[in-house]
Structure formats: structure tokens, C-alpha cells
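Colleague: Predicted coordinates and the sequence they were generated for:
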Amino acid sequence: MEASGWSTSLSSGIVLSLVAVVWTMLWNNLQGLQLQQFVSRHLSRHARRLAAIVDPYLTVTIAEYDGGRMKRSDAYKEVQAYLQRATCATGGGVRHLKAETAKDVDALVLSMGDNEEVADAFRGATVWWLAYSTPPREDNAPSYWGGGRAARADRRFYRLFFLERHRDLVLGEYLPHVRREGRAVMVKNRQRKLFTNLSGDGYDADGMWSESVWSHVVFEHPKTFATLAMDPAKKKEVIDDLDAFRKGKDYYARVGKAWKRGYLLYGPPGTGKSTMIAAMANHLDYDVYDIELTSVRTNTDLRKLFIETTSKSIIVIEDIDCSLDLTRARKKKKKANDDGQKNDGDKKDGAEPPDEEKDAGGSKVTLSGVLNFIDGLWSACGGERIIVFTTNHVEKLDPALIRRGRMDKHIEMSYCCFEAFKLLAKVYLDVESHHLFDAVESLLREANMTPADVAENLTPKSVDDDADSCLAELVKELEKAKKKVLAKKEGKGKDVADGADDDDDDE
Ligand SMILES: Nc1ncnc2c1ncn2[C@@H]1O[C@H](COP(=O)(O)OP(=O)(O)OP(=O)(O)O)[C@@H](O)[C@H]1O
Ligand SMILES: [Mg+2]
């Protein structure tokens, strides 16, 4: 009996030891993998819950969207950046990380995935952050609040848990600290971006449905004012204007104007309008929002695009005359006024176009929508924004669209002048003087050649090409261009003599 009792306890001892050995082996082998993390994560989570029994915790929830779901919350972005830093530094015990490309080519910025929790310590207090999202719900937000999109999107939140006794510390000091630090991280990680409203499938980098109306790539355009060929005095004027704008926060506040400025760049194709926008963005270190107006469905969508731009940005609408029939809505308005009908036209903030203005299947943005976008009440949201329109046909634009106050500065991008040529010769051929320069100078006065064409002629086409051959080629092309101009003039003179209509000559 005793012996059997002894052998039973011996065998159960052996079994227990074996279990302990297997457990230790398993524990060690799984080190760094799921099990240990699983246990420690759950222990810390339960620690929070256990602590809450004796000292209840409070929560603060920060939603990704506030202001009626119109705009991503700054606080959310700051918390996200703060937690990104905490997660990158320690991992914070988080199992599911999201990775985004960072400024450095090979690095990744890590942040916590959904339903992950991370603890943080601040002046002896421990707090916990939980990232979570709720599934889409059909809300009844009217379409002008972006209700349709909102219904399809997950709602994302950060929830902060802290003990009641830390209330003053957390609300008074910790949260402002998080926002400050988050902003600093955002500035440090900032990569300039080029945004487009031609969104892809509507999903963001996390595979989540994205509410953002913009998609972006990193903005990396090499053009600067140093390599932009134009009249030097004009260039200096633009640079001074941009610098004054950038430093103009107090001025705009004092005179009671929204901190924004409109630039109209006009001129023939290839004179450097798009290039100038890149130079502006590089000079100011701003993001660029390139709006493809034909893809904007309604005036409301246009307003939403504007509201979702950040400050320190250039909002661009290229070829504004081609994007929309911007004169049509105005003509209709005039007609309606002539008919004595009530029409609040461009004064009506965010007005949807009446049915007869809508194109079948096309954009329904109207001139009044664009005018409101530029200087309606909504345009004052945020600040430090530059709006740039480009066009090849300034004469086609409605005067209301380009009046000062909307498009404050009109910049003509013209055919290549000698000063602009000299800069291109320096940039493309590293040549500052040459015996062909005089010929080029006199030909440029008579031939209409764009900087794009001059630059193309100055580009070596083979390894044998050098400055001499490129400049000789340019002179040849300039002579051809000059002949064309003369032929056109002669043709025009003949037409006038024959009583023909001048308007038909110009393209
Ligand atoms: N003023 C300029 N200085 C330097 N390069 C220029 C200039 N203008 C044009 N180029 C060169 O020509 C190319 C075309 O220029 P860009 O796209 O800026 O013309 P654009 O005026 O925007 O034409 P479009 O009206 O057709 O849009 C650019 O890639 C650029 O390298
Ligand atoms: Mg262009």
C-alpha cells in the first residue's frame, strides 16, 4: 500500500516533471513568437481590467473624423503619429502592426493595427491606448455631408484608458503632450505629396475602405526656379510674391482675408506652366493637390475635396478652360436674370446645378461651384493655400473666375526669350557664351518657339552631339519657325486685303 502510494507519487512526480520540461521547451521555442506574446498581452490587458476594479478607469475616445465627417480630425492624426513613434521604438507589445513607407528609402513606419492595445507611461501613471474600428453603418447623413461615402466606410477610433486618480494629469498634461509630440513626429516624417482626386479602388494602404477623397504619391519633381527658364525680372516677382504669401499670416489676419492666394498661369502649350507649379511647390515646400475637374461629380464633391486639403498646399486645376464649360452656367444665369427669374447663381453657397445644367454622365460642377470653391465661405477653412489655374486660352475664361481676389496674380508664360534661352543653354549644355548666341538672340525675337522646344533642341541626341551641334540644330529650327511666322503674317495680310475674317486664322 505504502509502496504503491510511493510509486504512484513517484510516477506522478515524473509526469509533472515531464510536463514542466515540455512546457519550458515549448515556452523557449516559442519565444518571440505567438504564445509568449499572447500570454503577456492578455496579462497586461487583464492587469488593466483588474486595476479598474479597485480604481475605475475613464476613457477618452478620439474619432478619425469630426466636424460632421467632413474632415479628418487633427487630434486623431496627432495621436496616430505619437503612437507610431511609440510602436516603432518599442513595439509596445503590439502583435499586429501596420507598415507604411518612410522618408528613408528602406525604412518602414510602423503603427498599431486594429484592436491592438498599447500601454504608455507618463510621470508615473500608466495609460492604455486601444485602436479600433466599427463596421460601416448606414447613417442618414444627407449627401452634402458625404453620407453615402460614410456609410461604406469603417469608423476608426483611438480610445485612451486611464485610472480615475490620474484624471487631471492625463487631461491637463498627458493629452496635450501627446498632441505636441505627435505634431513633431508628423513634421519629422513629412514627405511632400502629390494628391489626385482620381482615386483608385477606394481602399487605403491598410486595405480599409478609405473615406479620403484624395489619393497620393510622394511628390518628387526636380524642377526648381533655378532651372525654370523665363524672364528673370518676372521670375523674381513671382518668387517675391510667394515669399510674401508664406510670411503673410499676420497680414491676412489683420486685413480680414482668408490666407490664400490665386495664381492664373496662362500661355501657349510648352511654355512651362506645369513646370512653374512644380517649382512653386519645391520653393515653398508645399504639397500639391491636382484636381481633375471632369472627375468631380457635383459642386458638393468639389467642396469636400477642398475641405480635405491641408494647409501649406497648392491646389491646382490645369487647363481650366477645357475642364468644364464654365461659361455655360453663367450664360444661363444671365438669361434667367434677363427673364426676371430669381437666381442666386454664384452667391448660393454649394448650390447643386439645376437639372438642365447637368451633363448626361459627365461632371455636374458649375461655374458657381468653382467660384464658391475659390472664395466662398468654405474657402476660408484652414489657411495657407495657393490655388493655381492654368490655361492656354485666357480669353475664353469667364471674367468672374479670374478677377483679382479670386486669381490674384496673372502670370503670362510666353515664348522663349533670350534670357530664358541663356538659362536653358547653361542647364542643358553647360555653356554660358558661344558664337551662335547672337544668331539665336535675333532669331528668338522673330520666331515663336516655346521653352519646351528650345530645351528639346538643346538636348543631345547621340554621344557625338555637343554644344556646337545642338546650338546649330537650334538655329536651324529657329529659322524654320521664323519662316512660319512670316508666312502666317503674309497670309493674314492677304486675307485682310481680300476682306476675309481674321478670326479664322488663329488656332
Ligand atoms: N520655362 C521653362 N523652363 C524650363 N523648362 C521648360 C520651360 N517650359 C517648358 N519646359 C520644359 O518643357 C516641358 C513641358 O513644359 P510644361 O509641361 O511645363 O508646359 P505647359 O506650359 O504646362 O504646357 P501645357 O499647356 O501643354 O500644359 C517640361 O518638361 C519642361 O522640361
Ligand atoms: Mg501643363
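Modeller: Everything's here; your move. These numbers come from a predicted model, not from an experiment. Ligands and ions are numbered 1, 2, ... in the order given.
Colleague: Output the set of residues of the stretch 251-400 of the chain in proximity to ligand 1.
Modeller: Those residues of the stretch 251-400 of the chain that sit near ligand 1, judged by CB under 6 Å from any ligand atom, are 269-275, 392. Backbone N, C-alpha and C define where each C-beta goes, glycine included.
Colleague: Contact residues of this protein facing ligand 1?
Modeller: Within reach of ligand 1 by CB under 6 Å from any ligand atom, the chain has these residues: 228-230, 269-275, 392, 413, 451-452, 455.
Colleague: and the residues you listed, which are buried?
Modeller: 228-230, 270-275, 392, 413, 451, 455 (16 or more other CB atoms under 10 Å).
Colleague: Report the contact partners of the residue lying closest to A125 once chain neighbours are set aside.
Modeller: Closest residue to A125 apart from its sequence neighbours, by CB to CB, 6 or more residues apart in numbering: H166 at 4.2 Å. Going by CB atoms under 8 Å, 6 or more residues apart in numbering, H166 touches 125, 127, 174.
Colleague: Sort out for me which of those are in strands.
Modeller: Cross-referencing the contacts of H166 against strands under DSSP state E gives 125, 127.
Colleague: Which strand or helix spans L471?
Modeller: helix 467-497 (DSSP states H and E).
Colleague: how about that helix: buried residues?
Modeller: In helix 467-497, counting by 16+ other CB under 10 Å, buried: 467, 470-471, 473-474, 477-478, 481-482.
Colleague: name the helices or strands packed onto it?
Modeller: helix 418-429, helix 437-446, helix 451-458 (3 or more CB pairs under 8 Å, 6 or more residues apart in numbering; DSSP states H and E).
Colleague: Average pLDDT for that helix, rounded please.
Modeller: For helix 467-497, mean pLDDT rounds to 85.
Colleague: swap in stretch 413-429?
Modeller: Averaging pLDDT along stretch 413-429 gives 95.
Colleague: sorry, back to before: out of the contacts of H166, give me the one that has the most neighbours.
Modeller: V127 (22 neighbours; other CB atoms under 10 Å).
Colleague: ok, and of the contacts of H166, which contact ligand 2?
Modeller: Taking CB under 5 Å from the ion as the test, ligand 2 is in contact with none of those.
Colleague: from the contacts of H166, which is closest to M280?
Modeller: M280 has its nearest neighbour among those in Y174, at 40.0 Å by CB to CB.
Colleague: Please report how far that closest one lies from ligand 1.
Modeller: 49 Å (CB to the nearest ligand atom, to the nearest Å).
Colleague: same check, this time on V79
Modeller: Taking CB to the nearest ligand atom, one finds V79 at 40 Å from ligand 1.
Colleague: so what pLDDT did that residue get?
Modeller: So, for V79, pLDDT stands at 93.
Colleague: Tally up the residues packed near it, please.
Modeller: 24.
Colleague: Please give the element, helix or strand, for it.
Modeller: Assigned by DSSP H and E, V79 falls within helix 74-90.
Colleague: For that helix, name the packing helices and strands.
Modeller: strand 57-63, strand 108-112, strand 117-122, strand 125-134, strand 155-163, helix 175-189.
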